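In: Quick one: sequence plus predicted model below, questions after.
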Amino acid sequence: MTTFAVPPNYDGHILVASPSTRVRQRVLESLRSPVRRFEQAMGGAEALVRLESGSWQVLFLDRRLPDLDAEELSQTVRQRFPGIEVVMLDHDFNPELNQNTDADDTSFEQDSPTNAEDTLPVFQPARAAPLPGMIGNSRVMQPVYRLARLLAPRTTTVLITGPTGCGKEVVARAIHQLSPRATRTFAVVNCAAIPETLLEAELFGYARGAFTGAMQSYAGRIQAAQGGTLFLDEIGEMPLSLQPKLLRFLEQKELQRLGSSEVVRVDARVISATNAHLLSLVREGKFREDLYYRLCGFPIEIPPLCDRAEDIRPLTRHFLEKYAAPLPAPPLSGEALQRLTAHSWAGNIRELQNVMERALILAENTAEIRPEHLLLVESCRTSSLVHTAPPIACDRVKQ
């Protein structure tokens with residue numbers, strides 16, 4: 001059996017994730033260097049838990065995981081734990097190391113199968129069901145659904161990223177609803193909607209007389225989330241002057257109201273969301289780097305609707321039924337569905353929702369939704385509106 005070279009700065013801490021006992025054993029036997037710590041995981045979810053509980057040098061990851069997609073998990077590990085080398089294991093026992101290594105150092109000798117586990121069929125993880133409040137079961141949404149369910153029972157801070165209108169708050173609410181905190185408050189603060197002068201008071205609260213007009217004390221949104229979840233939407237818009245105070249709360253779980261010396265301890269899980277590139281804001285000096293890493297305990301990226309063509313039909317059906325109720329919703333014609341599938345959806349799900357509400361109005365009592373009932377705005381910059389009606393909040397009309 002051929003062995004393989006370990007990565008630089010090897011410290012002997014190895015984790016192997018595979019449902020096969022023999023695969024895990026053969027990995028251990030193949031190691032050229034001594035092993036100080038060797039642990040095993042039966043699946044991807046267990047591997048993630050173990051990765052968070054200690055320091056690891058190499059993760060051997062079986063492509064045939066019974067619960068998670070190995071490629072998706074590999075990407076998550078590389079993003080969440082950049083110091084860990086990920087080695088993918090095929091069941092012809094040819095691991096693929098991230099770094100370029102000679103083939104002789106990165107392969108197992110192929111033995112004649114003597115164990116049923118060597119001839120296991122390829123595991124195809126069952127598609128995860130949509131999160132509460134979400135519609136569509138497309139392939140690109142599977143990492144979102146799986147990661148949200150893995151994170152729900154934990155207290156890890158979560159940073160949800162994605163374009164405007166893609167459903168970041170819906171994902172945050174789903175994580176809360178699936179968590180042990182579901183019966184407690186889900187407190188929402190939109191950092192872009194509250195003026196800078198008022199945001200500190202809204203978040204941290206204030207004591208009576210703290211400023212002119214403070215006729216009574218106010219607990220603040222953070223304290224309102226005691227035992228529950230605090231959702232910070234548009235976190236990239238938080239003023240730089242307020243970021244140190246939020247960082248202190250994340251580190252100490254303590255806060256002080258404006259005008260008060262009393263220290264209040266708050267147990268609130270923090271989930272934040274943004275459509276901005278926070279690392280770019282960090283480089284520009286507009287966002288604290290230490291706050292970024294506190295908020296980004298675990299990142300979840302939501303794909304745009306243009307990457308979710310499989311979800312267009314169930315989403316349109318959902319919105320048509322919603323706006324037609326209590327009457328039955330008319331069906332969507334094949335031509336109309338093709339038009340919707342080909343659209344760019346700059347506004348994502350929020351745009352689709354608006355389009356279907358308008359289509360139902362324009363269709364009146366017709367038997368189905370047809371292409372002429374669809375008002376599709378290509379972009380409010382180029383202002384291309386596909387319909388014969390007057391333009392809506394745009395300048396140019398495509399007839």
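Out: Here it is on my side, so go on.

In: switch to C-alpha atoms for all contacts and neighbour counts from now on
Out: OK.

In: what residues are up against the most centrally placed residue in the chain?
Out: The chain has I300 as the residue nearest its centroid, 2.1 Å off, counting by C-alpha atoms, centre = their mean. Contact partners of I300, counting by C-alpha atoms under 8 Å, 6 or more residues apart in numbering, are V144, L147, A148, V158, L159, I160, T161.

In: ok, how many other residues are close to the first one?
Out: In other words, V144. By the criterion of other C-alpha atoms under 10 Å, V144 has 21 neighbours.

In: gap between it and I300?
Out: Distance, V144 to I300, using C-alpha to C-alpha, to the nearest Å: 7 Å.

In: Likewise for the fourth one?
Out: Counting by C-alpha to C-alpha, the gap from V158 to I300 is 7 Å.

In: And the strands in the stretch 251-399 of the chain?
Out: For the stretch 251-399 of the chain, the strands defined by DSSP state E, counting those that start in this stretch cover 254-256, 263-265, 269-274, 298-301, 376-377, 385-386, 397-398.

In: can you map out the helices along the stretch 151-300 of the chain?
Out: With DSSP state H, counting those that start in this stretch, the ranges of helices along the stretch 151-300 of the chain come out as 168-177, 196-204, 221-224, 243-252, 278-283, 289-295.

In: packing partners for the second one?
Out: Applying 3 or more C-alpha pairs under 8 Å, 6 or more residues apart in numbering; DSSP states H and E, one finds that helix 196-204 contacts helix 221-224.

In: Longest helix in this protein, please.
Out: For the chain, the helix with the greatest residue count under DSSP state H is helix 348-363.

In: looking only at pLDDT, what's the mean for that one?
Out: Averaged across helix 348-363, pLDDT comes to 95.

In: Dump that helix to PDB, restricted to CA.
Out: Provided in PDB are the C-alpha atoms of helix 348-363 (Å, rounded to 0.1, in the frame of the first residue of the first chain):
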ATOM      1  CA  ASN A 348     -34.900  38.500  -7.100                       C
ATOM      2  CA  ILE A 349     -37.900  36.900  -5.300                       C
ATOM      3  CA  ARG A 350     -39.300  40.300  -4.200                       C
ATOM      4  CA  GLU A 351     -39.400  41.300  -7.900                       C
ATOM      5  CA  LEU A 352     -41.100  38.000  -8.900                       C
ATOM      6  CA  GLN A 353     -43.700  38.500  -6.100                       C
ATOM      7  CA  ASN A 354     -44.500  42.000  -7.500                       C
ATOM      8  CA  VAL A 355     -44.700  40.700 -11.100                       C
ATOM      9  CA  MET A 356     -47.200  37.900 -10.200                       C
ATOM     10  CA  GLU A 357     -49.400  40.300  -8.200                       C
ATOM     11  CA  ARG A 358     -49.500  42.700 -11.200                       C
ATOM     12  CA  ALA A 359     -50.100  39.700 -13.600                       C
ATOM     13  CA  LEU A 360     -53.100  38.600 -11.600                       C
ATOM     14  CA  ILE A 361     -54.600  42.100 -11.800                       C
ATOM     15  CA  LEU A 362     -54.000  42.400 -15.500                       C
ATOM     16  CA  ALA A 363     -55.400  38.900 -16.200                       C
END
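
In: For it, buried residues please.
Out: 348-349, 351-353, 355-360, 362-363 (16 or more other C-alpha atoms under 10 Å).

In: and if you look at stretch 273-292?
Out: A273, T274, N275, A276, L278, L279, V282, K286, F287, R288, L291, Y292.

In: My guess is the fourth one contacts G236. True?
Out: Yes: under the criterion of C-alpha atoms under 8 Å, A276 makes contact with G236 at 6.3 Å.

In: quick one on the thing from earlier: okay, the buried residues of stretch 273-292 in JSON lines with distance to C306 next?
Out: Formatted as JSON lines, the buried residues of stretch 273-292 follow (distance: C-alpha to C-alpha, whole Å):
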{"residue": "A273", "distance to C306": "20"}
{"residue": "T274", "distance to C306": "19"}
{"residue": "N275", "distance to C306": "16"}
{"residue": "A276", "distance to C306": "19"}
{"residue": "L278", "distance to C306": "23"}
{"residue": "L279", "distance to C306": "25"}
{"residue": "V282", "distance to C306": "29"}
{"residue": "K286", "distance to C306": "30"}
{"residue": "F287", "distance to C306": "30"}
{"residue": "R288", "distance to C306": "32"}
{"residue": "L291", "distance to C306": "31"}
{"residue": "Y292", "distance to C306": "28"}
